[in-house]
Each structure stands twice: as C-alpha cells, then as structure tokens.
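# got a sequence here, can you build the structure:
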Amino acid sequence: MKASFQTVAEQIQSLEADGVIADHHTAEILHRIGEYVIVDRYGAFFLAPLASKKTGLRIFEPYTTFQDIYHLYLFDRALRQLMFEFFAIAEASLKSVSCYQFCRMSRTRHDAYLDESYYNPLESSVHVERLIEDFRAILGHHSRKNQPAKDYIRQYRSAHGDVPLRVIMPALTLGQTFKFYCFQNESVRNSIAREFAELYRQSYGSHLRLSPRRLRLAFDHIKDFRNICAHGEQLYCARISPSRDVTISRAFSDLKLVLSKHDFSRLQDHFADLLYQAASQFDRPHFAKLLISMGFHRYDPRRKA
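Residues are numbered from 1 along each chain as shown. Now for the predicted structure:
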C-alpha cells in the first residue's frame, strides 16, 4: 500500500518498482499534472491483468513507459476537448428548436414556460415544478435560490417587461434544456423531432425517420457524455446509461442526427487526426485495445457521412 504522501522522486521510484520505465520528462510532468491524474487513472490500461490479480499489486506490462501512459492521458484530454465542442453545437440546436416549437404552440403568452398547464400532464408535477423553479431562478425571481438574473435578462425585462423563453434559453444548462424537451406535450415533442428530421434532410439530402423517443435517447447520451467532458473525467473508456453499455462510439451516431453534415464531417476529420496520432504512439495491440475501449471494433476515418 502506498504511503499517504510521496515526493515526486518517491513516486518515480514506486513506478519503476511496478515496471514502468521513467525518463527525464517524468518528474516535470508529475509536478505539473500529478500522479493521480495520469498514472492512477490511465495506468490501468497498461496493467498486466493476470499478474496484478495474482499478486494484488500494480504490475504493468513489460516495457511499459511513462510516456505510454502520458500519451493516453493526452489522447483522452484531446478527445474531451473535441467532443465538447460538438456537444455544444448540438446543445445550441436543441435549445433553438425546442424554444421555437414551444413558442409556436403557445404564441399567445410570452410567459407560458412558467405555467405548468403548458407541459405534459402525464409528467410528474414535481419534476415540472422544479424546472419552472429553475426558470424563475434564472429570471432572478426565486426567493430561496437567491440567484441574480444575468445582465441581458435584466436589461430585457427593464425595457420590455415580460421575458420570453427565447431570452432565457441561452442561460439554461443542457440538463435543463433536456428536461424542457422531455416535459413537453406529445404534439410539441413530435414537432421538435420533425424539425430535426427536416434539418437532416436539408443538410444530408436524404430522409430520416426520427421519433421523439430516439431524439430523447440521443440527447440523453449527449448530455451524459458532455458532463464527463465538462468535469474532466475519462471519456475514452466511459460507459453511460443505466446498463452501462453505451460507449463514446454511440455519441457519433447520436450527433449525426442533430448536427449538420458540415459539422459532422468536421468532427470525423478531427477524430481521424486524433486516431492517426494515437496509431503512431501506440503499438498495434494497444491501439486496437484503445478502439475497443471507445466502442469501435474497427473504425475507418476516411468514410464520410
């Protein structure tokens, strides 16, 4: 069992005792990033499973270098940064389409989003009430949360009075936007799904059958993976959904439903660049293991949407 505190020199000695080959960059990297972030989180990829299980110790595969572990850390960090960009584009689309369709259905009232009667009556009233409380907090009207409204919201209210949904929509988190979509009446959710299907047709030139349920699943995955990116957690090996069987590979098929063809092609290109770099840094077995960890048993980055 490791001591509660080790100097960087002691950390390197411990790594070398476990079979990791350090170099003259190791100390600086450990100082800047930390052993826990790099080795404890990414070293497991290079452990010898049988030897580690048999001894109960951390035993690395023969010839594992610290740079191997560091490269996996860098790959995952770059993957998070890449995916976060396109999750944000998808989030913006959900906000825009959901807001448009809800307001189209309730055009006679600027503040309909604050009225529980405009939501699905089959949805839990407690859930809807909490969402409306979030809206009131964004407006600066929630006494308990004591959250001041953003400047652009206060300025709009000062100039125009009631604040319509389109003004507060940018202030919503993806989680709040996802709940807003899920709590809509069936007619609104159908309209939202149809608009995304029409956007897909316009961009890709082909028809898409997109149900509200499929759209909900897509954004449920996008939301969860986006949170992993935002909190700096491991993305390449992440598993989400109640059954823990959804990998980051699924996010690509989800994103294709809601991104333009141009944006999805950009995502594929940047992801291909990451894979090409990883292929040059890892041997073939480890690169194959990396692909499988992400849910790709094979991946052809040249194949376009």
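
# got the domain boundaries for the chain?
Listed by automatic domain parsing, the domain ranges of the chain are 1-64, 77-269.

# packed most tightly, which of the ones you listed would that be?
Highest mean neighbour count of these: domain 77-269, a mean of 17 (counted as mean count of other C-beta atoms under 10 Å). Yep, even glycine has a C-beta here, placed from its N, CA and C like the rest.

# any idea how far apart the tips of that domain sit?
17 Å (C-alpha to C-alpha, to the nearest Å).

# give me the mean pLDDT for it.
Averaged over domain 77-269, pLDDT sits at 94.

# tell me how far that domain lies from the chain's centre.
Its chain's C-alpha centre and that of domain 77-269 lie 13 Å apart, by C-alpha atoms, centre = their mean, to the nearest Å.

# equivalent analysis for stretch 63-78, please.
21 Å.

# what sits against residue 38?
The contact partners of residue 38, taken as C-beta atoms under 8 Å, 6 or more residues apart in numbering, are 29-30, 69-70, 73.

# in strands, which of those residues fall?
When those are checked against strands (DSSP state E), there are no matches.

# show me which of those residues is closest to residue 9.
Nearest to residue 9 among these is residue 30, at 9.6 Å by C-beta to C-beta.

# ok, which of the domains of the chain comes nearest residue 277?
Smallest distance to residue 277 across those (C-beta to C-beta): 8.3 Å, for domain 77-269.

# on that earlier part again, okay, the domains of the chain in JSON lines with distance to residue 296 next?
Listed next are the domains of the chain as JSON lines, based on distance: least, C-beta to C-beta, whole Å:
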{"stretch": "domain 1-64", "distance to residue 296": "16"}
{"stretch": "domain 77-269", "distance to residue 296": "5"}
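
# spit out the contact partners of residue 277.
Applying C-beta under 8 Å, 6+ apart, we find residue 277 in contact with residue 75.

# roughly how far does it sit from residue 156?
To residue 156, residue 277 is 46 Å away according to C-beta to C-beta, to the nearest Å.

# next one: residue 176
From residue 176 to residue 156 the distance is 19 Å (C-beta to C-beta).

# what does residue 260 give?
29 Å.

# same thing with residue 181?
Counting by C-beta to C-beta - residue 181 and residue 156 are separated by 23 Å.

# got it, and residue 244?
Distance, residue 244 to residue 156, by C-beta to C-beta: 43 Å.

# longest helix anywhere in this structure?
Using DSSP state H to define each element, the chain has its longest helix at helix 66-105.

# what's downstream of it, the next helix or strand?
Next along the chain after helix 66-105, taking DSSP states H and E as the criterion, comes helix 125-139.

# show me what stretch 225-239 is in contact with.
41-42, 45, 72, 75-76, 79-81, 83-84, 87-88, 91, 174-175, 240, 245-248, 251, 290, 293-294.

# closest one to residue 286 among the domains of the chain?
Nearest of the domains of the chain (C-beta to C-beta): domain 1-64, 7.6 Å.

# list the contacts of stretch 103-118.
102, 125, 128-129, 132, 135-136, 162-166, 180, 185, 187-188, 191.

# so which residues of the stretch 201-305 of the chain form helices?
Secondary structure of the stretch 201-305 of the chain (DSSP state H, counting those that start in this stretch): helices at 212-230, 248-258, 261-281, 284-293.

# and the angle from the last one to helix 248-258?
Between helix 284-293 and helix 248-258, the angle comes out at 50 degrees (axes from the mean of the first three to the mean of the last three C-alpha atoms, to 10 degrees).

# alright, calling it a day.
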